[in-house]
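[1] Need a 3D model of the following:
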Amino acid sequence: MELTHRLVAETALIGMGIDVLGGCYLAYDLLGGKRGPLRTFARAVGYIVLFYAGYGVLLGWRYAAAASVGMGILLALEFRKPLEIEKLEKDQNHIRIFTYGLLRGVILGLASTSIASITFAVIFGLLSGIGLAMTYFIGFAPVRDYSSEHKPRFTQHKILSSLWRAVAVSIAGLVAGYFSASGQWAMELKLGCAAGVVSALVSLFSPPLEWWAENLPDRRLGLFGIILIFIGMVLQSVQYWVVVLDIGIN
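    Numbering: from 1, shown residues only. Here you go, the predicted model:
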């Protein structure tokens, strides 16, 4: 990798961001304790890893990088307070479900720009969002399968949910391929299969991940904060080491 002024500046900025995040973990109690944003962040990281592993194997790292971040964050937010779903009035519940479905379609559309045309991505994202929202509306939203347990767990409902999501995304891919004249039927069906497989993967490992996030010891979060601050300091120091060691920069 070529060392440039831009790269050095970006490294320092990343280090500053990690420092801030580490400070947040040290200020755990001030940021809401167990119901604060930090455990949601821990959830998001876990889900991002799961989504990236699934999409990376099936659709490549570029698609995985875009899809996993958005999907992981959305699922972490959706699972942050799952019991509140039952307390919401029917209209509010439907709005929430549709919103998450549409947002996932937007993410899939944006991610597909790495492997298809803009026209395909726009149509695919819109139809995927509508298809997933309808799937959630009939009772197959991820939050309906929420559980917090030690071991991975499959249920009949989770399997059906994964199949319905695969069908919704596959149809969206085929229609988008037809109107964008991409002619890549194999790729379009692969998008749908990937949606189902990754959904099943995340559903399988969601219970232990949720249990882990809910039961993280406060001291461990504090230790994690110290480690993050140390990493941030190292990254920020790169700009100074370049000068001290007289390393050439292009």
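
[2] give the contact list for the residue lying closest to A44 once chain neighbours are set aside.
    Excluding the flanking residues, the one nearest A44 by CB to CB, 6 or more residues apart in numbering is A76, at 3.7 Å. Glycine gets a C-beta too; all of them are placed from N, C-alpha and C. By CB atoms under 8 Å, 6 or more residues apart in numbering, A76 lies in contact with 40-41, 43-44, 47.

[3] ok, now how distant is A76 from Y146?
    12 Å (CB to CB, to the nearest Å).

[4] and A64, what helix or strand is that in?
    According to DSSP states H and E, A64 maps onto helix 61-78.

[5] Just the CA atoms of that helix, as PDB, please.
    Extracted in PDB, the C-alpha atoms of helix 61-78 (Å, rounded to 0.1, in the frame of the first residue of the first chain):
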ATOM      1  CA  TRP A  61     -16.600  -9.100  -0.300                       C
ATOM      2  CA  ARG A  62     -17.700  -5.900  -2.100                       C
ATOM      3  CA  TYR A  63     -21.400  -6.800  -1.800                       C
ATOM      4  CA  ALA A  64     -20.900  -8.100   1.700                       C
ATOM      5  CA  ALA A  65     -19.200  -5.000   2.900                       C
ATOM      6  CA  ALA A  66     -22.100  -2.800   1.900                       C
ATOM      7  CA  ALA A  67     -24.900  -5.200   2.800                       C
ATOM      8  CA  SER A  68     -23.500  -6.400   6.100                       C
ATOM      9  CA  VAL A  69     -23.100  -3.000   7.800                       C
ATOM     10  CA  GLY A  70     -26.600  -1.800   7.000                       C
ATOM     11  CA  MET A  71     -28.200  -5.200   7.800                       C
ATOM     12  CA  GLY A  72     -26.300  -5.600  11.000                       C
ATOM     13  CA  ILE A  73     -27.200  -2.100  12.300                       C
ATOM     14  CA  LEU A  74     -30.800  -2.500  11.400                       C
ATOM     15  CA  LEU A  75     -31.200  -5.800  13.100                       C
ATOM     16  CA  ALA A  76     -29.400  -4.600  16.200                       C
ATOM     17  CA  LEU A  77     -31.800  -1.600  16.400                       C
ATOM     18  CA  GLU A  78     -34.800  -3.900  15.800                       C
END
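
[6] Buried residues, it. List them.
    Residues of helix 61-78 classed as buried: 63-64, 66-76, 78 (neighbour count, 16 or more other CB atoms under 10 Å).
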